[in-house]
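> Build me a structure from this.
(chains A and B)
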Amino acid sequence: MTQMVLWGVVVWLVSAATVFGETAPNRGRESDRGPTFDALIEAEKTARLLAVLLDSGRAVISENQPPFDSTSKGRKGFTPEVFERQLVEVFRSRSGLDLNDLASARLSTKAVRLLRSLVSVSKQVVAEVQDQINRSDGTVSGFIPAVLGARAAAQFTKQTGVQLKQTALAPRNPVNAPDPFEQAALRDFADPAYPREKTITEVTAQSGVLHLMFPLYATRHCLDCHGEPKGEIDKTGYPKEGLQLGYNAGAISVVIPVKK
Amino acid sequence: MTSARLLVILGGLLLLPVGIGGGAELTLLPPERPSGTGAIVHSDGYILTAYHVVAGARRIVVVTSGEVRAPALIVSSDREHDLALLKVDAVGLSEAALGYAGSVRLDQEVITLGFPFGLRDISVTRGRIAAMRTKGVRRVFQVDAAINPGNSGGPVFNRRGEIIGILTTKFSHPSGIIPEGMSFAVPLSYATPLLANIPEFDFSTVGKGRRETKAVDKNDDLIRELARITVRIETVRSDSPAPATASASGHAKAEEASALSRSSRASAVLPAREPASPAAKENEPSAPIQPTEMQRLKQRGVVGPEDMLLVPEGEFLMGADDGLPDTRPVHRVHLSAYWIDKYEVTNARYRRCVEAGVCQPPKNRSPFEDQARDQYPVTSVTWMQARSYCQWAGQRLPTEAEWEKAARGVDGRRYAWGNNQDPILNRGKNGENQMNHGEPQPVGSFQEGASPYGVLDMTGNVWEWVKDWYAEDFYVVAPPHDPQGPPRGSFRVLRGGDWGQSPLELQTSYRGWDEMTYWGPTLGFRCVTDAP
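Numbers count the residues shown, from 1 in each chain, chains lettered A, B, ... in the order given. Below you'll find the model as predicted:
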């Protein structure tokens, strides 16, 4: 048992090290050795695509929510493969990229690897919840977009060292509470005049990471639990937030290393 | 030597009455006030600066390091990225070397030059690229060098003396605190479309280092070189009071602020007859390319049709993911340039076609025949009648894509004016509000509702017929270039909505439809025509 845990840790360390071998460098002020603007724009693009992909997975779960919650049918047929097919479609419509043909997309190899990795952990999460989805005991499945988002993000972060996180000004899960940068971005997103789907990013010479915030918007399905009337208890037992259709509903936060 | 030559050239210019407002007005204008800094990017008198430095300026004067003053015109501007290209009538100026922004490194050393507080002495500041930030449509370098008002629009150089960015104040630090000891610069790469306005500009020299005629090994020499291409910019704002009526400075200040918020109206690229909108502030144009394009067409001698506005060639986001199924998916559509009616076709305009014996009168003739309603949109017309009118005018009905792009610009906004629902929700809450009427209003009544291209009444007033057949799933299969709609169908698309509609139906992405023989009191149209 202990051995297994140890192995897990070792495997994680190794994978993190091979993917992002860069460790904290000695930053001397004397050199002009930071990453170039071009490299930063590429990293920003990668981070944005990861956010779009995580949110696409959430959208697929959202679209399939009614069958999950139905108690009349045992097997819902929502296999990891079905999920992946739908994910590919949603991601294609939102990013213009085909997940099955990333090689021909004009992306850095790092970006391709990260995207594939996120697809695979998302599928893995869907595989893990099959019993939960297919239960026929009359209870609600509880497998909602945020659950996929949280579990896939955690797994992805562990595997790649790239941090993915769902956050909001008043998140239900305290783990998702925003840091100061995220808080500032969320306040900007909350302004209805803020341009839609435009990200907010920061990369400083000190941090060595690019931090990107990707805004999310309330859809019809979101509102079942997060809509009006504010304060009413939803099916998961939380009070509703009173969100309105099309308005900002939090963000996906991505932290990606940019050191050479 | 160079500066002596410059002195002669610019000095000579001062004797000519080249003021923007014309010679007679010149003497009435108040004196110029320091506004910012700029850099000479081409020896033929082209100066790059920040847009906000010259926004709303009625007169712009460039002052060189040798205190030579010359009037300047705006050649091209990009409000979104806060950049402007000016021109003074001169040749043979010392020009800056331009760097390649893509190779700027985080943490690299930079030098900024400028005229803080409008002082005459140039100040040199050294700093580093401390961060790169993106917010909305703006992307900037954060420079940890102390910059003061007046430095705005000034150049940021790398150690080789190449310009890599232009200082901007149009960016706020995420903390919301006014930054001290730091500043933001627009990467020079965003100036490329502006620089393209310089005849035969040689982009191959960008990033190739300074064209050194003599060795610059000493740092002092470099700074002296950079100072020669850094200029001070002074302006007279369009709303500045004439000297005779000059009032308290507090008042003047407020007016200056409002002049700043006003778009490029004064930049001579928009039609002069366009009435100034008091609500321009609410309508930040998201299509900075439009003035550039119009300027280019104007230079080619092409003048747009009367009361039509240019929608430049390019991509926009069509559809909405949070709307109804028929607006999905949001997809990129590339359209060729076209002109679109600024206003919906009015009764008066339609009448000319009826009188010409081409158009049939509207199905309900009473509002049409009411002389008091000349400036109201023509209504109660079928799709065929709408098409006949446009054909008679030598134009055509817009495609669905053309209509949507003209209404929402390129940033995917929900309503012509932006994403704010309040103008819709608040209608009827005050008596003067133009929007709460059970019937159409005269065209252009709701100036605040202008689209990014300045097109009026795209949200509300009346529904507008467009060319396309309606198909619910058309966006799934739509071609990415100049889509013309499905080849056949049963219904024609209606866009824009009238003021009786809900916020959802008033979205620029909302697709109404009906039989082409349908007509009604809230149903009109406008025309488009191809741009050369």
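> From here on, just use CA atoms for contacts and neighbour counts.
OK.
> what separates the helix or strand hosting A:Pro66 from the chain centre, distance-wise?
For A:Pro66, the host element (DSSP states H and E) is helix A:65-69. What separates the centre of helix A:65-69 from the centre of its chain is 21 Å, taken as C-alpha atoms, centre = their mean, to the nearest Å.
> which is the next helix or strand following it?
Next along from helix A:65-69, by DSSP H and E: helix A:80-95.
> what comes up buried for that next one?
A:80, A:83-84, A:86-94 (16 or more other C-alpha atoms under 10 Å in any protein chain shown).
> Just the mean pLDDT for the helix or strand just after that helix, thanks.
Where DSSP H and E defines the elements, the next helix or strand beyond helix A:80-95 is helix A:109-128. Mean pLDDT, helix A:109-128: 91.
> Stretch B:498-518 now?
pLDDT averaged over stretch B:498-518 gives 81.
> number of nearby residues for the residue in the stretch 101-250 of chain A positioned nearest to chain B?
Nearest residue of the stretch 101-250 of chain A to chain B: A:Thr204, at 3.9 Å (C-alpha to the nearest C-alpha). Neighbour count for A:Thr204, taken as other C-alpha atoms under 10 Å in any protein chain shown: 19.
> Could I get the phi/psi values of it?
Backbone torsions of A:Thr204, given as degrees, to the nearest 10, read phi -110, psi 160.
> do B:Gly38 as well
Dihedral angles (degrees, to the nearest 10) for B:Gly38: phi -150, psi 180.
> Spatially nearest residue to the residue of the stretch 151-300 of chain B found nearest chain A (excluding sequence neighbours)?
Closest residue of the stretch 151-300 of chain B to chain A, C-alpha to the nearest C-alpha: B:Pro174 (5.7 Å). Nearest non-adjacent residue to B:Pro174, counting by C-alpha to C-alpha, 6 or more residues apart in numbering or on different chains: A:Ala184, 5.7 Å away.
> hang on, B:Leu494 is in a strand, isn't it?
Yes: B:Leu494 forms part of a strand when assessed by DSSP: H, G, I helix; E, B strand; the rest coil.
> still on that earlier bit, mind listing what's buried along the helix holding A:Pro66?
Buried, per 16+ other C-alpha under 10 Å, within helix A:65-69: A:65, A:67-69.
> Go through these and say which is closest to chain B.
A:Gln65 (16.9 Å).
> isn't the closest one right next to A:Gly142, touching?
No: using C-alpha atoms under 8 Å, A:Gln65 is not in contact with A:Gly142; the gap is 9.6 Å.
> Using the record's assignment, carve chain B into domains.
B:1-268, B:285-530 (automatic domain parsing).
> Using JSON lines, lay out those domains together with mean neighbour count and distance to A:Gln124.
Listed next are these as JSON lines, based on neighbours: other C-alpha atoms under 10 Å in any protein chain shown; distance: least, C-alpha to C-alpha, whole Å:
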{"stretch": "domain B:1-268", "mean neighbour count": "19", "distance to A:Gln124": "33"}
{"stretch": "domain B:285-530", "mean neighbour count": "20", "distance to A:Gln124": "27"}
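> Turn the ones you listed into CSV, including distance to A:Asp234.
As requested, the domains of chain B are arranged in CSV below (distance: least, C-alpha to C-alpha, whole Å):
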stretch, distance to A:Asp234
domain B:1-268, 33
domain B:285-530, 22
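> Now the weakest link among those, please, by mean pLDDT.
Lowest mean pLDDT of the domains of chain B: domain B:1-268, a mean of 75.
> Show me the one of the domains of chain B that comes nearest A:Arg151.
Ranking the domains of chain B by proximity to A:Arg151 (C-alpha to C-alpha) places domain B:285-530 first, at 24.9 Å.
> quick one: A:Gly250 from A:Gln65, how far?
A:Gly250 sits 20 Å away from A:Gln65, going by C-alpha to C-alpha, to the nearest Å.
> Which residue ranges of the stretch 201-350 of chain B form helices?
B:219-228, B:249-261, B:289-299, B:347-355 (DSSP state H, counting those that start in this stretch).
> which residues sit in contact with the nearest residue to B:Ile122 once chain neighbours are set aside?
Nearest non-adjacent residue to B:Ile122, counting by C-alpha to C-alpha, 6+ apart: B:Phe115, 5.0 Å away. Residues in contact with B:Phe115 (C-alpha atoms under 8 Å, 6 or more residues apart in numbering or on different chains) are B:36-37, B:121-123, B:150-151, B:232.
> For the buried residues of helix A:65-69, could you give me a markdown table that also reports distance to chain B and pLDDT?
Listed next are these as a markdown table, based on distance: C-alpha to the nearest C-alpha, whole Å; pLDDT from 0 to 100:
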| residue | distance to chain B | pLDDT |
| --- | --- | --- |
| A:Gln65 | 17 | 80 |
| A:Pro67 | 19 | 73 |
| A:Phe68 | 22 | 74 |
| A:Asp69 | 22 | 71 |
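> Spell out the secondary structure type for B:Ala90.
With three-state DSSP as the criterion, B:Ala90 reads coil.
> Can you report phi and psi for it?
According to degrees, to the nearest 10, B:Ala90 has phi -160, psi 160.
> from memory A:Met213 sits against A:Ile256, does it?
No: A:Met213 is beyond contact range of A:Ile256, at 11.5 Å (criterion: C-alpha under 8 Å).
> So the two - more neighbours on which side?
The neighbour count for A:Met213 versus A:Ile256, taken as other C-alpha under 10 Å, is higher for A:Met213 (31 against 23).
> what are the pairing partners of the helix or strand harbouring that one, and which direction each?
Under the criterion of DSSP H and E, A:Met213 resides in strand A:209-217. Its sheet considered, strand A:209-217 pairs with strand A:200-204 (antiparallel), strand A:248-257 (antiparallel) by DSSP bridges.
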